[in-house]
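Visitor: From the sequence below, what's the structure:
(one chain, ligands or ions: 1)
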Amino acid sequence: MAWLRAALACGLLSVAGVGFGQQQPLQAIPYSPSLDVTSLDKSVDPCVDFYKFSCGGWQKNNPIPADQASWSVYAKLAQENQQFLWGILEQDAKATGRTPVQQKVGDYFAACMNTAAIDEKGIKPLEPALQRLDAISSREQVAKALAVLHHRLAGSFFFGARVGQDATDASLEIVELGSGGLGLPDREYYLKADPKSVKLREQYVAYVTKLLGLTGEPTDEAAKDADAILKIETALAKASLTRVDRRDPHKTYHMMTVAELQGLTPAIDWPRYFTVQGAPGVEKLNVSQPEFMKAVQAELTTEPLDSLKAYLRFHLLTAAAPFLSAPFREANFDFYSKTLRGVPAMPPRWKTCTQAVDRSLGEALGQEFVARTFSPEMKAKTQLMTRQIETAMAEEIQGLDWMSPETKQEALRKLHAIRNKIGYPDKWRDYSSLEVKPDDYLRDAERAYLFEEARNWNKLGKPVDLNEWGMTPPTVNAYFNPQMNDINFPAGVLQPPLYDSKEDDAPNYGNTGATIGHELTHAFDDEGRQFDDKGNLRDWWTPADAKGFEDRIDCDRDQYARYVIVDDIHINSKLTSGEDVADLGGTLLAYIAWKKQTEGQTLHDADGFTPDQRFFVGMAQWACENDRPENLRVQAATDPHSPGFARINGVVSNMPQFAKAFGCKTGQPMVHVPACKVW
Ligand SMILES: [Zn+2]
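Guide: A predicted model of the protein is given here:
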């Protein structure tokens, strides 16, 4: 759902893959403590730059691996999880007497690993689809092909269609149309006139030319097509809402009848389109960006037929490139990883394939992962921590002097309705209808795509599956979904050094506790607060309370807008506001819950720190990271999360508990005056 409301179900962070590390499968996930003294840089004054103090050693000890755009504590753990899964998959690929789940994940992995077979086939597996596109001889056929492409093949063709919860009645599954159709990461890449953006567009056109050329198209024709494709995408980009606008759920909610949509976009036969998706008879839907659909109409009716065909051809190719032979894979990597994000080297194949299995068969692979890594005791402990943080949140809300009793009552009702999903789904996804073969990689990927499409369209008109997860169990990340009104913590994120059962409570509440608080706070951030206890878009705030809240988060927005990400690019704090607020609110809740949990206990100094200091160092060390400047530019445009240094320094500088723990004084950089507050 990246194209529709990505920011709604925002996770804790955007994890940027993993690194080379040891080139062996792991038999167990290596241990590193949740408070690591080797990660510190004690030459830095914690009151001047707490992030550098907590993470300076980590940054020095953990250079970015050659196949990565960035590197972080989260990415490193994700890599370790993948190395562990690699061993499982190698076994599942070869073993006899496999379970159905082991057959599917093992064969998918084997098909992906067999680059000799993939390279030998070259472009052949994609030829039937390319020939169908080549045979198109009218605009009507372009529109018809779109319906089939959307249903059967991955790719960003003009717009997206899916089934999701109705914003105003979260108990309903409805059809939603969203913007899409771009090959660059964001609309602003097409519209900015600075030299770096102009150069990047030239490099993009070169990539499009190269990819088309790899199918046998003469270079001059391919170059002409690439220009035409950029022209189409620029028109789509202009008509797309900005990421900041897409954070406003009212701006992406436009229910209309299919007849009204037909009036807006007559070039597409919509009843036929929905029939092809497997959902005949759709009458009403949310057209999240009507202006965008008008642009689609204009493109389908005014661009030369050959340009439209070239556009479809390119998007089919670029989506399939990672599953094709080496020249396609390499061209794709050269642009999207090397040029765009500054990554020098392609990841080793085992890593690509482990990620591919996780993406396509995540809840099958997840069963293998959970059985080996996530004990019932771990589940019970993190559930307890979650309940304690929810209690802290309830008490904070009750004690707010600026919020009226009516709004408090609604807020508490919403908080009590949040469902805590910890580790893995209660019921695993059933992949039995999905065929996987050990020697047919592109077809495996296509079948997995079709399986997922069918699963999604099958939801239409049925009750919402509250058991569903939006992340797979090995994932090192977490999220809150405002329409499901649930928080989700995959088993992958509840491992050391993030959750460390060998350590005492201080760094654990600082780290995982603050993450739980972060996800809970999303229920009340600029976006989440617009949804009620049932997940419906409904304004339950009195006007005065809404203003009180907005004033509070404006303080945070002003603070973060001053931080520089790279070169002269500042944080777009209207984009990051929800995450920044979740960081601040979440850390305070974790601190309160920790104090309560350890009430009456005698806590001891350790690692050269007081217990309070250890809470904060444990908190800061989840965010240690290194980034390539190219990647930081992409993140600045697309990522709703601020960079690590801002996430840590921004939070602690607003917490008097931190200043007290480290003896920081007014006037020092880590004391923000006046302090911003969420609660
Ligand atoms: Zn978040």
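Visitor: Just name the shakiest helix or strand of this structure by mean pLDDT.
Guide: Across the helices and strands of the chain, mean pLDDT, DSSP states H and E gives its lowest value to helix 2-5, namely a mean of 32.
Visitor: in terms of contact, does Gln27 touch Leu85 like I think?
Guide: No: if you go by Cβ atoms under 8 Å, Gln27 and Leu85 don't touch, sitting 11.9 Å apart. Heads up, the C-betas are built off the backbone N, CA and C, glycines and all.
Visitor: Those two - which one has more neighbours?
Guide: Leu85 (28 against 9; other Cβ atoms under 10 Å).
Visitor: can you count the residues close to the residue of the stretch 101-250 of the chain found nearest the ion?
Guide: Proximity of the stretch 101-250 of the chain to the ion (Cβ to the ion) peaks at Arg247, 12.4 Å away. By the criterion of other Cβ under 10 Å, Arg247 has 24 neighbours.
Visitor: Ok, Gln24 next?
Guide: Gln24, neighbours per other Cβ under 10 Å, totals 10.
Visitor: Tell me who's in contact with it.
Guide: Gln83 (Cβ atoms under 8 Å, 6 or more residues apart in numbering).
Visitor: rewinding a little: what sits up against the helix or strand just after the least confident helix or strand of the chain?
Guide: Counting by DSSP states H and E, the next helix or strand C-terminal to helix 2-5 is helix 50-61. The contact list for helix 50-61, computed with Cβ under 8 Å, 6+ apart, reads 36, 38-46, 73, 616-617, 620-621, 623-626, 644-645, 648-649, 652-653, 658, 662, 670.
Visitor: What mean pLDDT does helix 50-61 get?
Guide: Average pLDDT, helix 50-61: 98.
Visitor: in that helix, what's buried?
Guide: Phe50, Tyr51, Lys52, Phe53, Ser54, Cys55, Gly56, Gly57, Trp58, Gln59 (16 or more other Cβ atoms under 10 Å).
Visitor: what would the residues you listed look like in a markdown table with distance to the ion?
Guide: Listed next are the buried residues of helix 50-61 as a markdown table, based on distance: Cβ to the ion, whole Å:
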| residue | distance to the ion |
| --- | --- |
| Phe50 | 20 |
| Tyr51 | 18 |
| Lys52 | 23 |
| Phe53 | 24 |
| Ser54 | 20 |
| Cys55 | 20 |
| Gly56 | 25 |
| Gly57 | 26 |
| Trp58 | 22 |
| Gln59 | 23 |
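Visitor: Tell me the one of the residues you listed nearest Thr598?
Guide: Ser54 (21.2 Å; Cβ to Cβ).
Visitor: Sketch out the low-pLDDT regions of the protein for me.
Guide: Applying pLDDT under 70 to the chain picks out residues 1-22.
Visitor: residue ranges of the strands in it, please?
Guide: With DSSP state E, the ranges of strands along the chain come out as 70-72, 159-165, 173-179, 255-257, 284-287, 419-423, 479-481, 486-490, 564-566, 569-570, 625-627.
Visitor: Kindly reformat these as JSON lines and extend each row with distance to Tyr190 and mean neighbour count.
Guide: Formatted as JSON lines, the strands of the chain follow (distance: least, Cβ to Cβ, whole Å; neighbours: other Cβ atoms under 10 Å):
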{"stretch": "strand 70-72", "distance to Tyr190": "24", "mean neighbour count": "25"}
{"stretch": "strand 159-165", "distance to Tyr190": "16", "mean neighbour count": "22"}
{"stretch": "strand 173-179", "distance to Tyr190": "13", "mean neighbour count": "23"}
{"stretch": "strand 255-257", "distance to Tyr190": "27", "mean neighbour count": "15"}
{"stretch": "strand 284-287", "distance to Tyr190": "22", "mean neighbour count": "20"}
{"stretch": "strand 419-423", "distance to Tyr190": "38", "mean neighbour count": "19"}
{"stretch": "strand 479-481", "distance to Tyr190": "29", "mean neighbour count": "25"}
{"stretch": "strand 486-490", "distance to Tyr190": "34", "mean neighbour count": "26"}
{"stretch": "strand 564-566", "distance to Tyr190": "20", "mean neighbour count": "16"}
{"stretch": "strand 569-570", "distance to Tyr190": "18", "mean neighbour count": "13"}
{"stretch": "strand 625-627", "distance to Tyr190": "24", "mean neighbour count": "22"}
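Visitor: any chance of these in a markdown table, with distance to Leu520 too?
Guide: As requested, the strands of the chain are exported to a markdown table (distance: least, Cβ to Cβ, whole Å):
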| stretch | distance to Leu520 |
| --- | --- |
| strand 70-72 | 23 |
| strand 159-165 | 20 |
| strand 173-179 | 26 |
| strand 255-257 | 30 |
| strand 284-287 | 27 |
| strand 419-423 | 9 |
| strand 479-481 | 7 |
| strand 486-490 | 6 |
| strand 564-566 | 27 |
| strand 569-570 | 28 |
| strand 625-627 | 24 |
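Visitor: Nearest to Gln131, out of those?
Guide: Here strand 159-165 is closest among the strands of the chain (Cβ to Cβ), at 24.4 Å.
Visitor: just checking, what packs against that closest one?
Guide: Under the contact definition 3 or more Cβ pairs under 8 Å, 6 or more residues apart in numbering; DSSP states H and E, strand 159-165 sits against helix 2-5, strand 173-179, helix 290-302, helix 441-457.
Visitor: Arg529 touches Phe549, doesn't it?
Guide: Yes: with contact defined as Cβ under 8 Å, Arg529 and Phe549 form a contacting pair (6.7 Å).
Visitor: Alright, that wraps it up for me.
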